[in-house]
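Asker: How does the following fold in three dimensions:
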Amino acid sequence: MAQFVAHASLDLVDEAKWETSNLFLKSVDRFNELSVAGFVTASHMRFLLVYDGPKAQENMKNFFMDMYDAFVKALLNPFYVPNTPIASSNFRKKAQTIAKKYL
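Answerer: As a prediction, the model looks like this:
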């Protein structure tokens with residue numbers, strides 16, 4: 001269900017990114033008990049977080065900033081092939097650590 005909600009909210013993220021200069025878009029969509037927060041990079045890469053229940057906006061913003069930092073570092077790896085999924089176990093561990101820290 002969360003994947004469906006995330007996919008359905010991509011259009012709303014595309015609309016919201018032109019209305020503000022902030023990278024963090026806060027809550028952009030809601031479906032039943034699930035909410036979607038968005039983050040858009042300068043290159044228009046979109047990160048989505050599907051969550052239930054109340055979450056602190058500052059924690060979500062910090063989560064997105066740290067995930068963006070980890071994402072950029074993964075892309076700068078000389079062994080990464082552009083436009084392919086990131087298959088690094090280090091990236092997965094870093095993402096889990098960041099999620100435990102902020103969420």
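
Asker: contacts and neighbour counts: CA atoms only from here.
Answerer: OK.

Asker: quick one: contacts for the residue nearest to F71 when sequence neighbours are not counted?
Answerer: Leaving aside its chain neighbours, F71 sits nearest to F91 (7.8 Å; criterion: CA to CA, 6 or more residues apart in numbering). F91 makes contact with 70-71, 74 under the criterion CA atoms under 8 Å, 6 or more residues apart in numbering.

Asker: Go again with 10 Å.
Answerer: Counting by CA atoms under 10 Å, 6 or more residues apart in numbering, F91 makes contact with 67, 70-71, 73-74, 97.

Asker: got it, and A2?
Answerer: Residues near A2 by CA under 10 Å, 6+ apart: 8, 31, 34-36, 49-52.

Asker: For the longest helix along the chain, name the packing helices and strands.
Answerer: Longest helix of the chain, by residue count under DSSP state H: helix 57-75. With contacts taken as 3 or more CA pairs under 10 Å, 6 or more residues apart in numbering; DSSP states H and E, helix 57-75 sits against strand 24-31, strand 34-40, strand 46-52, helix 89-102.

Asker: buried residues in the longest one?
Answerer: Buried residues in helix 89-102, counting neighbours by 16 or more other CA atoms under 10 Å, are found at 91, 94-95, 98-99, 102.

Asker: ok, now the first one?
Answerer: Neighbour counts over strand 24-31 (16+ other CA under 10 Å) mark 24-30 as buried.

Asker: Any idea which helix or strand in the chain has the lowest mean pLDDT?
Answerer: Every helix and strand of the chain was ranked by mean pLDDT, DSSP states H and E. The lowest is strand 24-31, at a mean of 86.

Asker: Turn the buried residues of strand 24-31 into JSON lines, including distance to E58.
Answerer: Below are these laid out as JSON lines (distance: CA to CA, whole Å):
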{"residue": "F24", "distance to E58": "10"}
{"residue": "L25", "distance to E58": "12"}
{"residue": "K26", "distance to E58": "9"}
{"residue": "S27", "distance to E58": "12"}
{"residue": "V28", "distance to E58": "15"}
{"residue": "D29", "distance to E58": "18"}
{"residue": "R30", "distance to E58": "19"}
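
Asker: That'll do, ta.
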